[in-house]
Structures are given as structure tokens and as C-alpha cells.
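Trainee: build me a structure from this.
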Amino acid sequence: MSGNLEFGKAAEDAAARFLEAKGYKVLQRNYKNRFGEIDIIAKDKGVICFIEVKARHSLNLGFPQEAVSTRKQRQISRVAVYYLKLNHLLECSARFDVLALLYLNSQPEISLITNAFELSANFTI
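Mentor: So this is what the prediction gives:
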């Protein structure tokens with residue numbers, strides 16, 4: 001496994017532990033379908049949360065959460081709608097969160113942005 005893949009997996013592991021400590025129930029990790037991937041799907045107080053995890057070693061490229069571009073939001077939205085449709089959950093409350101980890105020291109600084117963005121388009125799937 002390359003350094004970036006190991007770093008990404010470690011960040012997602014830390015993110016899942018953080019979410020569970022906050023009371024989230026992690027339903028799936030690295031969920032993939034034909035539209036793309038979502039890092040973590042979890043439930044928070046009855047709301048289905050589609051969570052994008054971003055991690056950085058430095059601020060050279062900006063804050064981790066700034067990497068969730070409009071294009072990435074559209075892709076996550078498509079994956080999420082397809083997931084909800086496949087699992088007969090279209091009537092459920094859902095939201096998009098971003099969990100940012102900044103590793104400037106050995107322990108990451110973690111920021112959870114709930115309702116980070118809205119469903120970015122109407123999709124017919």
C-alpha cells in the first residue's frame with residue numbers, strides 16, 4: 001500500500017472512531033456504486049449522513065474541507081441518491097457532512113461540518 005493510501009485509510013479509521021464517539025452509527029465505509037464512492041455512511045439521530053473525509057499533513061493546499069469541490073459534491077450527491085433509492089430510503093432525512101482531519105502534530109485536529117452542502121441537482125436515476 002502506498003503512503004497516500006495508508007494515510008487515507010488511517011484518516012478514515014480516525015474519522016469513524018470520532019463519529020462513533022459522537023454517537024453516530026457507522027453503516028458503511030467506502031461505499032461504491034457506478035456513480036462513485038462515499039467514504040462513510042452513518043446514522044445520526046435518525047438522519048442518514050453521507051460523510052466525505054478529507055485529511056492533510058499541512059495547509060500548503062488549504063484546509064482539508066476546501067478540497068470538497070462543487071464537482072465532488074455533485075458526485076457524492078449522485079452516489080447518495082442511488083444508495084437511498086436502492087435501499088428504499090428516499091423518504092428518510094439525509095444530509096451531507098464533511099469531516100476534516102489536519103495532521104500538524106501526531107494527533108489530528110478534527111472538524112466536523114454538518115450539512116456541509118445541499119443536494120446539488122435533481123437526478124433521475
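Trainee: now the longest helix belonging to the chain: buried residues?
Mentor: Ranked by residue count, the top helix of the chain under DSSP state H comes out as helix 3-21. Of all the residues in helix 3-21, those buried under the rule 16 or more other C-beta atoms under 10 Å are Phe7, Gly8, Ala11, Glu12, Ala14, Ala15, Ala16, Phe18, Leu19. C-beta: built from backbone N, CA, C; applies to glycine.
Trainee: what does the following helix or strand past it contact?
Mentor: Sequence order places strand 25-33 as the next helix or strand after helix 3-21, per DSSP states H and E. With contact meaning C-beta atoms under 8 Å, 6 or more residues apart in numbering, strand 25-33 is reached by 12, 16, 19-20, 37-44, 48, 79, 82-83, 86.
Trainee: change it to 7 Å
Mentor: Outside of strand 25-33, the residues within contact range by C-beta atoms under 7 Å, 6 or more residues apart in numbering are 12, 16, 19-20, 37-43, 79, 82-83.
Trainee: can you lay out the residues you listed as TSV showing distance to Gly62?
Mentor: Formatted as TSV, these follow (distance: C-beta to C-beta, whole Å):
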residue	distance to Gly62
Glu12	20
Ala16	24
Leu19	23
Glu20	28
Glu37	22
Ile38	22
Asp39	19
Ile40	22
Ile41	26
Ala42	26
Lys43	30
Val79	24
Tyr82	30
Tyr83	29
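Trainee: out of these, which is nearest to His57?
Mentor: Using C-beta to C-beta, Glu12 is the member of the contacts of strand 25-33 that sits closest to His57, with 15.4 Å.
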